[in-house]
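Visitor: model the following, please.
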Amino acid sequence: MKPHQLLSLSIAVAAACAMQARAAGPTLYGNIDIGVTHATGAPGGSLTELTAGSDFPDQIGFRGSEALGGGNSVIYDLATGFCGAGDFTNGTSATSLPSNGYCTGGGFMQRTSLLGLQGPWGKLVAGRFLMPVYTNAVSVDPFRNGTTASITSLNRAVSAFNYLRESQLVEYATPTVDGFSAQLVYGFGAVAGSTQSGSLGNLSLHYQHGPLYLGAAYLYNDYRTGTALESGRIPAGSTASTHVEQLFGHYDLHVVVLSAMVQTYTSGFPGSAFTPVKASTASLDNRFWMVGAAVPAGRGQFNLSYAHTDNKEVASSNASLIGVGYQYSLSRSTLLYGGLSHISNGSAAAYGVHDATNTFAGSYGQSANGLDLGLRHSF
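Guide: Numbering: from 1, shown residues only. Take a look at the predicted model:
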């Protein structure tokens, strides 16, 4: 090879390597989780079924980034749900798949769909993704929203029922400075003729120092109902301010991780619009708290939590949950898990067990129980 040809080839190879170094991705990732769940307390009686995503929702996606120079980069993340166990029927009866057939997320690529920038100054993204109030609850739940023992069975403010993930979001996350960091989210209401109707804001503050983690969060939503409430007394399109306040944290003692959360959830709309309590004209004033513990045991971990919820405006709307579980790592990407839970409902409450994907209805004043065993693989 002539010298000038060798030089040209070297330049081309160097340029290709530089382009590859600037672009990290796309990286394929996902999760498939299949188990067996037994739930009691539903109006139609107990139910046993093969479930998808009990410990973590089934999903597949890809993410990546491209360096822009100066420590800055473009980032993107797209993920869609799917149903690892297939349909919710064995062919003998007709049942419909939730979330438009995707099990979670609501539709194609609606578990996550974001594009943004990040650098030494922090991160700015826009699209559809999980709300900070939800990820805060996951961070202190020993079950991390997995299995029927999860605290989200009672914490309806930050679950698939209300503030889990939203569209029309813009988020700025600060860099961590001396252990402090923050997230600020704004959600567009996208309502014709109004910039306020349907909009939301979520501020979340965090502090990490050694084994100690503390956080606080506030969410405001100019909630707009899409359907009529209370037998038509509240017409579709009505709005009322809705608020969520959180204090949470955990402490790692090495032999056990202790965690706790207190939360208020208020709205001008009736509590029955947000939580499974009997219909009432009273507004929502829900109080929730939990304590939990995670105990490492070799390649496994024992989990335990106790949670309580109550709508102060509706008598006997209280409910309590105790959850226990165990998970065992077969490898870095494969996990065996099991969870057991019991919910005690007041006479005006109908909370049922709820895992990372599936919801089982409860009955007023009756206890609900959940048991699940499964296998989860991530890639």
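Visitor: give me the low-pLDDT residue ranges for the stretch 1-150 of the chain?
Guide: Across the stretch 1-150 of the chain, residues meeting the criterion (pLDDT under 70) sit at 1-24, 88-97.
Visitor: phi and psi next, for residue 27.
Guide: Its backbone dihedrals place residue 27 at phi -110, psi 120, with angles given as degrees, to the nearest 10.
Visitor: check contacts around it.
Guide: In this structure, residue 27 makes contact with 62-64, judged by C-beta atoms under 8 Å, 6 or more residues apart in numbering. Using the backbone N, CA and C atoms, a C-beta is placed for each residue, glycine as well.
Visitor: what of residue 162?
Guide: Applying C-beta under 8 Å, 6+ apart to residue 162 gives the contacts 156, 274.
Visitor: how about low-confidence regions in the stretch 251-379 of the chain?
Guide: Counting by pLDDT under 70, the stretch 251-379 of the chain has no low-confidence residues at all.
Visitor: how about the strands in it?
Guide: Taking DSSP state E, counting those that start in this stretch, the strands of the stretch 251-379 of the chain run over residues 257-270, 283-297, 300-311, 319-329, 334-345, 368-378.
Visitor: okay, now residue 114: neighbour count?
Guide: 18 (other C-beta atoms under 10 Å).
Visitor: leaving out chain neighbours, which residue sits closest to it?
Guide: Of all residues beyond its chain neighbours, the one nearest residue 114 is residue 127 (3.6 Å), with distances taken as C-beta to C-beta, 6 or more residues apart in numbering.
Visitor: on the three-state scheme, that neighbour is what?
Guide: Taking DSSP: H, G, I helix; E, B strand; the rest coil as the rule, one finds residue 127 in the strand state.
Visitor: wait, it sits on residue 166?
Guide: No: judged on C-beta atoms under 8 Å, residue 127 makes no contact with residue 166 at a distance of 10.1 Å.
Visitor: which neighbours do the two share?
Guide: Shared contacts of residue 127 and residue 166 (C-beta under 8 Å, 6+ apart): none.
Visitor: of the strands of the stretch 251-379 of the chain, which approaches residue 49 most closely?
Guide: Nearest of these to residue 49, taken as C-beta to C-beta: strand 368-378 at 10.2 Å.
Visitor: partner strands of the closest one, with direction?
Guide: When sheet partners are counted by DSSP bridges, strand 368-378 sits next to strand 23-40 (antiparallel), strand 334-345 (antiparallel).
Visitor: now for the ones you listed, which one comes closest to residue 245?
Guide: The closest of the strands paired with strand 368-378 to residue 245 is strand 334-345. By C-beta to C-beta, the value is 23.9 Å.
Visitor: buried sites along stretch 240-255?
Guide: Using 16 or more other C-beta atoms under 10 Å as the test for burial, stretch 240-255 gives 240, 242-246, 248-250.
Visitor: same deal with stretch 211-230?
Guide: Residues of stretch 211-230 classed as buried by neighbour count (16+ other C-beta under 10 Å): 213, 215, 217, 219, 221-224, 229.
Visitor: can you check stretch 32-51 too?
Guide: Of the residues in stretch 32-51, 32-35, 37-42, 49, 51 count as buried by neighbour count, 16+ other C-beta under 10 Å.
Visitor: got a list of contacts for that stretch?
Guide: The list of residues contacting stretch 32-51 from outside it, by C-beta under 8 Å, 6+ apart, reads 52-58, 84-85, 88, 148, 337, 343, 345, 352-353, 355-358, 360-363, 366-377.
Visitor: just to revisit the earlier point, which of the buried residues of stretch 240-255 fall within strands?
Guide: Those of the buried residues of stretch 240-255 mapping onto strands are 240, 242-246, 248-250, per DSSP state E.
Visitor: sorry, back to before: could I get the contacts of residue 27 as a markdown table with secondary structure and neighbour count?
Guide: Conversion of the contacts of residue 27 to a markdown table gives the following (DSSP: H, G, I helix; E, B strand; the rest coil; neighbours: other C-beta atoms under 10 Å):
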| residue | secondary structure | neighbour count |
| --- | --- | --- |
| 62 | strand | 14 |
| 63 | strand | 17 |
| 64 | strand | 16 |
